[in-house]
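Colleague: heads up, no residue letters with this:
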């Protein structure tokens, strides 16, 4: 069974996989916007990761040699990823999207690699130079631009609250992504992610209960909200992570950095075409400024990723030619 899966992985063109993943995850932001309009945010996020985590664990059973954590460090890694990268991050995204559009939320979330690079300096001892500092400052400027739409003061206040929630969630994601690197264990990534999703879901349930959230009557939920929940759960959630695992195996984890550029583009297209959302100049400008900062901070990674993808694609073309 694993041999069949591995052979299928090798047929996924790297550029197509990256574009596909960027579209799946990016389109999830407008879908969240539809969901939280009718379903309590933390409850909706919990539902997403209970289902997605269960599917990912099933995938891990099929494709990996081990699913259960065997050491205390592996349990700690699961709890860290679950608390920071799924619980905290998703809480910020879902709460924030009550006040801002999914497109804006996706732009703010692009700050994650920039923040992670800064946190890695004291935690992992990584060295950073002036371009990295400039990139971080550009990212903050971009976030500031997003909090100041050219509308009324009341709308500006709501926007600031929404951006604030998403930004805090993004910081938590970045912290988790750095700290978990201190736990270099043998638990397969698929198993780690699956357990972490379930742990994050339990945290979201607990926080939702503290907020007094409760599920609305099923009859009161519109087909649009149901469809959007199914999308973020089954397609962007489980499907997106399954594609992510294929992409990591095919071209490496470094190359997935490029997905961060595509998510806001995908979110904006879906918001404009399906939700008929008007994208403001501030959103576009904020994305350009944040992406500039992201490029500065991740310049070496992006260059290496692009080179690896080109080399990988060339190898596949050569193999295909020889096969013909």
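Modeller: Looks like it arrived, so ask away. Quick caveat: nothing in here was measured; it's all calculated off a predicted structure.

Colleague: Pull up the gap between residue 52 and residue 231, please.
Modeller: Applying C-beta to C-beta, to the nearest Å, the value for residue 52 to residue 231 is 12 Å. C-betas here are computed from N, CA, C, even on glycine.

Colleague: My error: substitute residue 168 in the last question.
Modeller: 25 Å.

Colleague: For those two, indicate the residue with more neighbours.
Modeller: residue 231 (21 against 17; other C-beta atoms under 10 Å).

Colleague: Mind telling me what element the closest residue to that one other than its chain neighbours is part of?
Modeller: Sequence neighbours aside, residue 31 is the residue nearest to residue 231 in space, at 4.8 Å (criterion: C-beta to C-beta, 6 or more residues apart in numbering). Under the criterion of DSSP states H and E, residue 31 resides in helix 14-36.

Colleague: Output the contacting helices and strands for that helix.
Modeller: helix 41-63, helix 89-96, helix 102-109, helix 223-230, helix 240-251, helix 259-273, helix 299-323 (3 or more C-beta pairs under 8 Å, 6 or more residues apart in numbering; DSSP states H and E).

Colleague: Adding mean pLDDT, write those helices out as JSON lines.
Modeller: Output for these, formatted as JSON lines (pLDDT from 0 to 100):
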{"stretch": "helix 41-63", "mean pLDDT": "94"}
{"stretch": "helix 89-96", "mean pLDDT": "96"}
{"stretch": "helix 102-109", "mean pLDDT": "88"}
{"stretch": "helix 223-230", "mean pLDDT": "94"}
{"stretch": "helix 240-251", "mean pLDDT": "74"}
{"stretch": "helix 259-273", "mean pLDDT": "83"}
{"stretch": "helix 299-323", "mean pLDDT": "64"}
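
Colleague: Of those, give the one that comes closest to residue 139.
Modeller: Comparing those by their distance to residue 139 (C-beta to C-beta), the top pick is helix 102-109, with 9.7 Å.

Colleague: pretty sure the residue nearest to residue 231 contacts residue 226?
Modeller: No - with contact defined as C-beta atoms under 8 Å, residue 31 and residue 226 do not form a contacting pair (11.1 Å).

Colleague: Which one's more surrounded, those two?
Modeller: residue 31 (27 against 15).

Colleague: What residues does that one make contact with?
Modeller: By C-beta atoms under 8 Å, 6 or more residues apart in numbering, the contact set of residue 31 is 102, 228, 229, 231, 232, 236, 270.

Colleague: let's see it at 7 Å
Modeller: Neighbouring residues of residue 31 by C-beta atoms under 7 Å, 6 or more residues apart in numbering: 228, 231, 232, 236.

Colleague: Now rank these by neighbours and give me the top one.
Modeller: residue 232 (29 neighbours).

Colleague: Relative to residue 110, how far out is that residue?
Modeller: 18 Å.

Colleague: Kindly report the same for residue 35.
Modeller: Residue 35 is 21 Å from residue 110, by C-beta to C-beta.

Colleague: the more surrounded of those two?
Modeller: residue 35 (31 against 22).

Colleague: Give me the residues contacting the host helix or strand of residue 291.
Modeller: Assigned by DSSP H and E, residue 291 falls within helix 281-297. Residues outside helix 281-297 that contact it (C-beta under 7 Å, 6+ apart) are 103-104, 107, 110-111, 113-114, 117, 131-132, 134-136, 138-139, 141-143, 145-146, 148-150, 260-261, 264, 302.

Colleague: If any of these are buried, give me the PyMOL selection for them.
Modeller: Of these, the buried ones can be selected in PyMOL as follows, counting by 16 or more other C-beta atoms under 10 Å:
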select buried, resi 103+104+107+110+111+113+114+117+132+135+136+138+139+141+142+143+145+146+149+260+261+264+302
